[in-house]
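Student: Next one to model:
(one chain, ligands or ions: 1)
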Amino acid sequence: MDTTSKKLAEDINRLKTARRALIVAHNYQRPEVQDVADFTGDSLELSRIAAQTDAEVIVFCGVNFMAETAKILSPAKTVIVPDPNAGCPLANMVTPRQLQEVKDRHPGAVVVCYVNSSAETKALSDICCTSANAVQVVKSIDRDSEIIFVPDKSLGDYVSRRSGRELILWNGYCPTHHRILPEDIEARRREHPEAVVIVHPECLRPVVDMADHVASTSGIVRLAKELDACEFIIGTEIGILHRLKKEAPGKEFYAASRLADCPNMKLNDLPKILWALEDMTNKVELAADLIERARAPIEKMVAIG
Ligand code: CIZ
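Tutor: Take a look at the predicted model:
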């Protein structure tokens with residue numbers, strides 16, 4: 001960390017204590033943001049950790065739907081975001097009206113909703129899933145039921161193939177993950193022939209099919225630590241490389257594509273964390289009934305284990 005970042009981190013830590021705040025950072029955040037956080041992880045993991053602490057304020061460094069999930073699980077806590085413009089294009093690819101239209105065309109269908117979605121989308125869904133448990137969630141649904149899977153068509157395609165279930169896929173996708181192309185995997189493999197390739201299921205199908213392992217962000221971190229290999233090609237947002245290098249020192253990590261750099265995730269930085277804590281601005285506000293409706297599908301997912 002340079003001197004300016006060190007000073008900012010000191011000021012953030014001082015204020016964090018005074019405000020009884022907890023800072024959580026998604027695996028895709030800037031290195032200095034991950035370093036100032038109390039916990040780094042995936043969105044559901046962070047929201048659940050935050051709910052279990054006695055912190056009064058949660059500073060969620062990620063994109064907006066993640067902070068909403070934290071608010072849904074901790075309605076009594078104040079949840080603030082460093083930059084309120086950090087939206088998620090994938091989450092924005094489904095609106096409540098569009099989803100209601102598809103539900104009306106498929107009465108009785110079970111709506112499975114990836115956590116990468118707004119509170120309104122969750123509230124219209126029957127059960128949530130993460131990229132780590134999506135196959136298990138889909139398999140838990142009665143074989144006679146139709147299933148609408150929102151919003152990520154790549155994750156849905158992967159889950160459909162792994163579960164053997166036909167899914168009505170939403171036409172949403174993560175622009176950052178779709179920047180990783182099969183030719184990138186081929187090129188990295190030529191450069192690092194011994195490396196193990198791990199990709200996220202939000203990637204394009206040909207990329208998923210070329211990988212040695214397909215995993216969520218938490219799964220990627222776990223595999224990188226557990227596998228015997230010394231070199232890894234990582235097919236997800238490049239912010240995760242910082243955590244991997246920190247938690248698996250001595251191993252080498254290569255980005256499948258340097259273009260997999262999410263501009264929304266990178267909107268959060270140290271000055272914005274400090275300002276948000278100073279002014280207590282950018283609070284996540286959700287109506288009580290929306291919190292209740294959005295919480296039900298999350299609890300249903302948690303209940304299946
Ligand atoms: O929910 C998350 O954190 C996302 C978007 C991905 C993952 O695999 O952790």
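Student: give me the residue from the stretch 1-150 of the chain nearest the ligand.
Tutor: Checking the stretch 1-150 of the chain residue by residue against the ligand with C-beta to the nearest ligand atom singles out Asp42 as nearest, at 3.1 Å. C-beta here means a position set from N, CA and C on the backbone, and glycine is covered the same way.
Student: Wait, that residue touches Thr130, no?
Tutor: Yes - Asp42 sits in contact with Thr130 when judged by C-beta atoms under 8 Å, with a separation of 6.8 Å.
Student: Between these two, which contacts overlap?
Tutor: Counting by C-beta atoms under 8 Å, 6 or more residues apart in numbering, the common neighbours of Asp42 and Thr130 are Ser216.
Student: who's in contact with the residue of the stretch 1-150 of the chain closest to the ligand?
Tutor: With contact taken as C-beta under 8 Å, 6+ apart, Asp42 is in contact with 26-27, 130, 132, 216-218.
Student: and the ligand, which of those contact it?
Tutor: Residues shared between these and the neighbourhood of the ligand are 26, 130, 216-218 [C-beta under 6 Å from any ligand atom].
Student: possible to save those residues as TSV with neighbour count and pLDDT?
Tutor: Formatted as TSV, the ones next to the ligand among the contacts of Asp42 follow (neighbours: other C-beta atoms under 10 Å; pLDDT from 0 to 100):
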residue	neighbour count	pLDDT
His26	28	98
Thr130	22	96
Ser216	22	97
Thr217	25	97
Ser218	16	96
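Student: which residues of the stretch 51-200 of the chain fall in helices?
Tutor: 64-73, 96-105, 119-123, 134-139, 153-163, 182-191 (DSSP state H, counting those that start in this stretch).
Student: ok, now which ones touch the nearest residue to Arg165 once chain neighbours are set aside?
Tutor: Excluding its sequence neighbours, the residue lying closest to Arg165 (C-beta to C-beta, 6 or more residues apart in numbering) is Val138, at 5.4 Å. When contacts are counted by C-beta under 8 Å, 6+ apart, Val138 is found next to 112, 129, 147, 149, 159-160, 163, 165, 167.
Student: any idea of the pLDDT on Val138?
Tutor: Predicted confidence (pLDDT) for Val138: 98.
Student: and what of Gly305?
Tutor: Looking at Gly305, its pLDDT is 72.
Student: For burial, what's the neighbour tally of it?
Tutor: Counted with other C-beta atoms under 10 Å, the neighbours of Gly305 add up to 7.
Student: can you check Ile148 too?
Tutor: When neighbours are defined as other C-beta under 10 Å, Ile148 has 21 of them.
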